[in-house]
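> Pasting the sequence and the predicted coordinates here, then a few questions.
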Amino acid sequence: MAFTSVAWFAKGGALVGALLGGVLAYLPISRVIRAQGALPQAVAVRRFAAVCCLVWGLVIPPVFAAAGFLWGLAHGLGNVVEGPVSTTVRATVDTWMSRASGLRASVLGRYPLAKRLSESELAGVVRATPEWISDVLGHQEVAAIQQKAEDALVPQPVIAFMRQEFDSLAAGRHHRAWLAPAVERLRARAHGAAADWPTMQETIQEMVAPSVFQGAAASIRARAWRYIWRATLAALMLSAALAGALRFFWRLPARAAAPGSSAAAPEAPAAEASGG
């Protein structure tokens, strides 16, 4: 998997994230260094500034690198899901339906392909969709299809990951929002006259349509973005809090020196008068 498109997206995202994090960490660190040279501070303030610089350098670049890696991984997986995985699943399902094999061993074998499904029967097939898609991905025919079409090659780790995702959907641990548009179209037909009810074959084809896998890819990317925003926002809030605290402590010596300088001003004329 090290040389697949998923890995390249992940590596590229990690590199871009690390560079961006390095720039964001360099800006406050360089400003602190310049400020220390222009205006010496107390020992405690200098130590706190060193701690802030250390935290900025050790937190921001790794967090942004991890966020970039996650973005690239999700983007690459999304491309694989809406491309090779979609093509492979549809090809395998078409092969099964053409010779009526493979379906008997799955949850789809309970109904003939030409049977029109009522709303309750349709709901059962929809609930079982992630399960039988997972079965398709784990079937031995998937490897044969990929050998015939090298441009649709899906790495085994990606197939294993997608099987886990569909198994989680079947167990109800993930939300099925990406299936909602296809399900609503089928339910609209099931609400109509019996002659317009979707057949078993039409239901299967609708469940493996390209739009369904595009929705699954969008769901993977959206879930990754939620983790990315949380991580980067936490790092930026921590950095901003440290910068605000350092700015506050940095101004304390100037405030303390102001009364002393004003008090020393009247002493100068008094000294001049005594000298005169």
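Received, thanks.
> and the most centrally placed residue in the chain, what element?
For the chain, residue 224 is the residue whose C-alpha lies nearest the centre (CA atoms, centre = their mean; 1.2 Å). Residue 224 belongs to helix 210-275 when assigned by DSSP states H and E.
> circling back: the residue nearest to the centre of the chain touches residue 74, doesn't it?
Yes - with contact defined as CB atoms under 8 Å, residue 224 reaches residue 74; the gap is 3.3 Å. C-beta coordinates here come from the backbone N, C-alpha and C atoms, glycine included.
> what do the two both touch?
Residues touching both residue 224 and residue 74 (CB atoms under 8 Å, 6 or more residues apart in numbering): none.
> Okay, now the unreliable bits of the stretch 1-150 of the chain?
1-3, 99-109, 137-150 (pLDDT under 70).
> residue ranges of the helices in it, please?
All helices of the stretch 1-150 of the chain, identified by DSSP state H, counting those that start in this stretch, fall at 5-38, 43-80, 86-99, 119-127, 129-137, 140-148.
> Out of those, which gets nearest to residue 211?
Among those, the nearest to residue 211 by CB to CB is helix 86-99 (9.6 Å).
> Next, the buried residues of that closest one.
Residues of helix 86-99 classed as buried: 86-93, 96-97 (neighbour count, 16 or more other CB atoms under 10 Å).
> Please save the CA atoms from it in CSV.
Below are the C-alpha coordinates for helix 86-99, written out as CSV (Å, rounded to 0.1, in the frame of the first residue of the first chain):
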residue,chain,number,x,y,z
SER,A,86,-17.8,1.3,-6.9
THR,A,87,-16.7,-0.3,-10.2
THR,A,88,-15.7,-3.5,-8.6
VAL,A,89,-18.9,-3.9,-6.5
ARG,A,90,-21.2,-3.1,-9.5
ALA,A,91,-19.3,-5.6,-11.7
THR,A,92,-19.5,-8.3,-9.1
VAL,A,93,-23.2,-7.7,-8.4
ASP,A,94,-24.0,-7.7,-12.1
THR,A,95,-22.2,-11.0,-12.5
TRP,A,96,-24.1,-12.5,-9.6
MET,A,97,-27.5,-11.3,-11.0
SER,A,98,-26.7,-12.5,-14.5
ARG,A,99,-26.2,-16.1,-13.4
